[in-house]
Every structure is written in structure tokens, then in C-alpha cells.
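*Asks:* Sequence isn't available, so here's the structure alone:
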């Protein structure tokens with residue numbers, strides 16, 4: 001049987017006119033929050049899109065490959081312009097690698113739409129509809145040879161040197177963490193229906209000039225060497241492992257270049273991390289990776305420390321006095337975690353974050369909190385609630401001990417709620 005749990009973050013309240021104004025907002029609300037909305041809106045408003053760049057007909061043309069019918073046409077099309085070009089299978093296009101040996105038989109009598117023959121002329125950036133199912137990035141590669149292909153592949157063809165220099169940057173963006181983030185939070189089918197994307201989704205990302213040509217070439221060479229190694233009778237796994245490390249290192253450089261170009265702040269970095277660490281695994285992860293999201297957090301874990309640090313940074317300067325220091329006291333058990341935010345005398349202050357192991361003590365209180373943190377609606381539907389509130393000398397929050405609930409991105413949402421509540425209380429003179 002299945003039990004459905006609704007978490008606090010599943011509740012979203014939004015003005016209807018916002019959904020009309022931002023037609024992508026509904027998808028943000030499925031996996032993200034208003035912080036993601038602010039971030040995505042900044043990306044959309046502050047940067048030109050890939051579509052706007054490749055839509056410059058003086059520098060680029062782009063189109064999907066030719067279209068074939070299942071049966072031969074009564075009056076065949078003139079295919080003389082493409083007949084002598086190798087016909088490549090769709091799965092020949094992988095990330096940063098084209099397997100030129102995967103040729104197919106061209107049934108020219110079935111072709112009904114040929115497209116502009118220039119899209120088949122190298123160099124061109126080729127992308128597939130299907131995404132990489134481990135990273136939710138585009139399977140794409142720059143083709144260095146002429147080839148024809150079906151409409152499951154899209155070609156971005158530069159018409160001059162200016163266009164050629166942009167291919168590597170577009171390829172880098174398609175292969176980056178920001179693409180995965182965008183896909184999860186704005187693409188209509190990702191995490192909803194199936195992990196395929198249309199060109200209007202892919203081309204909606206911001207275009208960033210990051211001069212990625214050298215980085216892309218290094219990845220392509222490593223991918224080519226990996227392919228050659230796998231064709232050997234005796235496969236050198238150690239060499240392949242080192243080559244894969246090279247690819248990963250260069251991909252990290254791409255992400256670094258993009259983050260710097262976007263000038264991301266800590267909130268935006270945490271949102272990307274949440275999408276990659278939590279939402280990505282919920283969408284395409286295996287059972288083991290999904291179970292890790294619900295796993296307990298150990299005492300003194302960095303996850304809880306990072307969460308608590310957000311509150312220290314927000315409230316320290318606002319609440320501290322000459323004789324008082326702001327601290328976060330963390331109550332830890334395997335079932336539930338609580339944090340108390342309070343001022344303590346300077347004389348007793350040791351650290352801004354204080355850990356208290358409550359696993360073997362105050363069990364009745366912890367047991368009660370565990371019970372009231374979950375509200376039964378039906379036999380198969382439960383609402384999981386955070387317990388949060390204010391007392392005279394402190395405020396607090398309790399949540400189940402689950403990794404996903406204490407992520408830094410969630411911390412920014414929670415600290416904003418407490419800050420708003422304190423502000424409102426101040427206005428009312430409470």
C-alpha cells in the first residue's frame with residue numbers, strides 16, 4: 001500500500017494574476033518556492049536567451065533534421081542534395097561525442113521534409129530531445145563532419161566565425177548545473193510527464209559568453225579516448241577512470257565560469273544545490289538515492305550547522321546587545337530535530353551554535369513533538385507539519401530528522417518567515 005505525506009513546502013498560495021503574467025510559474029511551484037521564482041525571473045529578465053542569439057539569421061540557422069513517413073511517398077521528394085552525406089542514427093549523438101560509425105540506411109523515398117541543407121554541414125551543434133537521465137542535461141555535441149539525421153536531432157549551424165565561437169558556449173550551457181536547475185523548475189514535462197524537452201524549452205536558457213572552446217575541446221578529446229579504450233580487447237579501467245575524472249573536472253570548470261558570469265549569491269547557489277541534491281534525485285534517482293533524502297542527519301552534521309548559520313547571520317546583528325549573544329541551540333534525536341534561537345549572557349557564551357543530544361533524555365517531550373508533527377487526514381494521507389513558535393525569551397522550530405527538510409535552501413525560507421513574523425509582531429507592539 002502507499003501512504004501520501006503532504007509537507008509544509010507543498011502548500012503554496014499565489015495570486016492568480018501572477019500565473020497569467022508568468023506562464024512558467026506553475027512549474028516553479030511544483031518543485032520550488034518564491035525564492036526560485038525570484039531567481040528564475042532574474043535570469044529571464046537580465047540576460048538574452050539562447051533563442052535570441054541563434055535567432056540572429058546573420059549568424060545562425062537552426063532546425064530539426066529531415067522528416068520521414070512510415071510509407072513511401074507517391075511522388076518522392078528531390079533528395080539529391082543530401083544523398084551523398086552519411087546518415088547518422090539519433091543515438092550516435094551523445095554528450096560531447098559523436099559516434100560517426102553509427103550510420104543508418106537512408107530510405108529516401110519516405111522523406112517528405114528535407115529542411116535547409118546547410119544544417120547538415122559541419123561544424124554544427126547537434127542536440128537530442130532526450131536528456132541525460134542522470135543529470136537532466138542535454139545530450140549534445142559539436143559535429144566536425146557533414147551528416148544528415150532525422151528530426152529527433154536539432155542542428156544549430158553557425159554561418160560565420162562569430163557564430164562558431166558561440167557553439168561551445170551553448171554546448172557548455174546545455175551541459176551545466178544551471179540547465180538542470182532550469183529544467184526542473186521551468187520545463188513543462190520534466191518531473192511531470194517524461195524527461196524529453198522541446199527546443200523552446202532548451203533555447204529559453206540565458207546565453208552566457210564564457211569562452212568555453214578550450215574546455216569543450218578537452219572534454220571532447222577525453223570522451224574520444226574513452227570510446228577508443230572501450231573498443232580494446234583488454235580494457236584499461238584505470239585509464240578510463242582518469243579520463244572520466246578529466247571530464248568531470250572540466251564540467252566543474254564550466255559550472256564555475258557560469259556561476260561567476262551570473263554573479264550568484266548564496267541563496268541562489270543553495271537553490272541550485274537543492275535542485276541537484278533533492279529534486280533531481282526525486283525525479284530520476286534510483287530507490288537508494290531517494291531513500292537518502294529521507295535518511296536521518298547525524299549529530300554535529302554540516303547540514304544542520306549550515307541551516308543554523310543562516311539564522312545566526314540574519315539575527316546576530318539585529319538582536320545582540322552588549323551583554324547578550326545570539327545562539328542557536330540544536331536538540332538532536334534520530335526522530336526529530338529542534339532548534340532554539342535565543343539570547344544568552346556574554347559570560348556564558350561559548351559558541352554561536354550549541355549541540356544538545358536529546359536521544360536518551362526528555363523522551364516524553366520528544367515523543368509528543370513527533371506525534372503532533374504529523375496530522376492524519378485519511379488512512380493513507382498525512383500532513384507533516386513543522387512545529388514553530390515564539391516564547392518570551394526565544395523562538396524555536398522542530399522538524400522530522402530528514403535530510404531534505406534541513407537543507408540550506410529551506411533554511412532561507414524558514415528564516416524569512418521568522419523575520420516576517422518578528423516584524424509583524426513589532427508593528428503590533430507585541
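*Replies:* Good, I have the coordinates. Because the structure is a prediction, the values reported are computed rather than measured.

*Asks:* tell me the contacts of the nearest residue to residue 332 once chain neighbours are set aside?
*Replies:* Nearest non-adjacent residue to residue 332, counting by Cβ to Cβ, 6 or more residues apart in numbering: residue 299, 4.8 Å away. For every residue, glycine as well, the C-beta is placed using N, CA and C. Residues near residue 299 by Cβ atoms under 8 Å, 6 or more residues apart in numbering: 332, 355, 357.

*Asks:* helix/strand/coil for residue 275?
*Replies:* helix (DSSP: H, G, I helix; E, B strand; the rest coil).

*Asks:* I'd guessed it sits against residue 182; true?
*Replies:* No. The pair residue 275 / residue 182 is not scored as a contact, 9.0 Å apart, by Cβ atoms under 8 Å.

*Asks:* all helices for the stretch 301-430 of the chain, in order.
*Replies:* 302-319, 363-372, 408-428 (DSSP state H, counting those that start in this stretch).

*Asks:* so which of those helices gets nearest residue 294?
*Replies:* The closest of those to residue 294 is helix 302-319. By Cβ to Cβ, the value is 13.4 Å.

*Asks:* so what's the backbone phi/psi at the spatially most central residue of the chain?
*Replies:* Nearest to the mean C-alpha position of the chain, counting by Cα atoms, centre = their mean, stands residue 181 at 2.5 Å. Note on residue 181: its backbone torsions stand at phi -60, psi -50 [degrees, to the nearest 10].

*Asks:* Check residue 196 too.
*Replies:* phi -120, psi 150.

*Asks:* Spit out the contact partners of the nearest residue to it once chain neighbours are set aside.
*Replies:* In space, and not counting its chain neighbours, residue 196 is closest to residue 129: 4.8 Å by Cβ to Cβ, 6+ apart. Going by Cβ under 8 Å, 6+ apart, residue 129 touches 152, 196-198.

*Asks:* change it to 10 Å
*Replies:* Contacts here follow Cβ atoms under 10 Å, 6 or more residues apart in numbering; on that basis residue 129 touches 64, 90, 138-139, 151-154, 194-199, 202.

*Asks:* Inside helices: which ones of these?
*Replies:* 199, 202 (DSSP state H).

*Asks:* Return a PyMOL selection command for the buried portion of the contacts of residue 129.
*Replies:* With 16 or more other Cβ atoms under 10 Å as the criterion, this PyMOL line picks the buried residues out of the contacts of residue 129:
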select buried, resi 64+90+138+139+152+153+154+195+197+199+202
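
*Asks:* mind listing which of the contacts of residue 129 are in strands?
*Replies:* Residues of the contacts of residue 129 located in strands (DSSP state E): 64, 138-139, 153-154.

*Asks:* Go through those residues and name the one nearest residue 39.
*Replies:* residue 138 (20.6 Å).

*Asks:* Identify the residues contacting the closest one.
*Replies:* By Cβ under 10 Å, 6+ apart, the contact list for residue 138 reads 93, 95, 125, 127-132, 154, 170-171, 173-176, 179-180, 183, 197, 201-202, 205.
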